[in-house]
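K.L.:
Take this sequence and fold it.
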Amino acid sequence: MFETPFTANALIECLKDLGYEAALKNHNFEPMGICEYITITTAEELEWSIYLGFTGPYFLEFEIFSFLCTSEDPHLEAQKWQMKGHLSHVTVQYDVETGNPSYINGFFTLMQSMKCDRDTLPLASFVENSLLRWEYEFDELIAQLCPEIP
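P.N.:
Numbers count the residues shown, from 1 in each chain. Presented below is the predicted three-dimensional model:
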C-alpha cells in the first residue's frame, strides 16, 4: 500500500488537535532552497521542532528533534543512549569555530532526534503515534541525564 503525502498545514492541524502549540517556519538555504520546519510547544512549555525538509509542499516523513543540556561528558551520554537500542538518536553538538563540543554556561549540548515515516494510518493517527513514541523517548533521555528528577 502506498503512503499518502501530507502538507505542513495538515500536520500543524493534527498537532493543534493533540493540544500542542505549533507554528510553521522556513529558512532559505542557498542554493538548496526553502527548508520547512515546525516549532512545537507543549503544555509543560517544552520546545521541540519538526524538520520537514526541502521537498514541500507535500511530505511523506518528518524528523522531530530537541536540544538538551548535560554537565556530564556528552560523548559518554550519547553512547550510553545509543547502546540501549532506542528509536531516537542522540548526537553531540559542536562549536563550528573550535571543533570542540559546544560548551555554554557549564553545559554541553546534545541533540535528540527521531525520524517518523508516514505509514498507512490516517494522518491524525500517524502524528499521534509518532508523538507518543517521541514523548516516551524524550522522557527516557531526561531520566538518563537527570536521574534526580522524578
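K.L.:
Dihedrals phi and psi, the spatially most central residue of the chain?
P.N.:
In the chain, the centroid-proximal residue (C-alpha atoms, centre = their mean) is F65; its distance is 1.5 Å. Here the main-chain torsion angles of F65 (degrees, to the nearest 10) amount to phi -150, psi 160.
K.L.:
ranges for the helices of this structure?
P.N.:
8-17, 74-83, 123-145 (DSSP state H).
K.L.:
in this structure, which ranges drop under the pLDDT threshold?
P.N.:
Filtered on pLDDT under 70, the chain yields the residue ranges 1-3, 32, 150.
K.L.:
80 instead, please
P.N.:
1-3, 27-35, 43, 54-56, 119, 149-150 (pLDDT under 80).
K.L.:
How about the contacts made by the residue nearest to Y103 when sequence neighbours are not counted?
P.N.:
The shortest distance from Y103 to any residue that is not its chain neighbour, by C-beta to C-beta, 6 or more residues apart in numbering, is 7.4 Å, and that residue is D95. C-beta coordinates here come from the backbone N, C-alpha and C atoms, glycine included. Neighbouring residues of D95 by C-beta atoms under 8 Å, 6 or more residues apart in numbering: 101-103.
K.L.:
how about the helices of the chain in a markdown table, adding distance to D117 and mean neighbour count?
P.N.:
Formatted as a markdown table, the helices of the chain follow (distance: least, C-beta to C-beta, whole Å; neighbours: other C-beta atoms under 10 Å):
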| stretch | distance to D117 | mean neighbour count |
| --- | --- | --- |
| helix 8-17 | 14 | 17 |
| helix 74-83 | 20 | 16 |
| helix 123-145 | 9 | 17 |
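K.L.:
looking at these, which is closest to I38?
P.N.:
Taking C-beta to C-beta as the criterion, I38 comes closest to helix 8-17 out of the helices of the chain, the separation being 6.2 Å.
K.L.:
Can you list the helices and strands that that closest one packs against?
P.N.:
With contacts defined as 3 or more C-beta pairs under 8 Å, 6 or more residues apart in numbering; DSSP states H and E, helix 8-17 has these neighbours: strand 21-29, strand 33-41, strand 47-53, helix 123-145.
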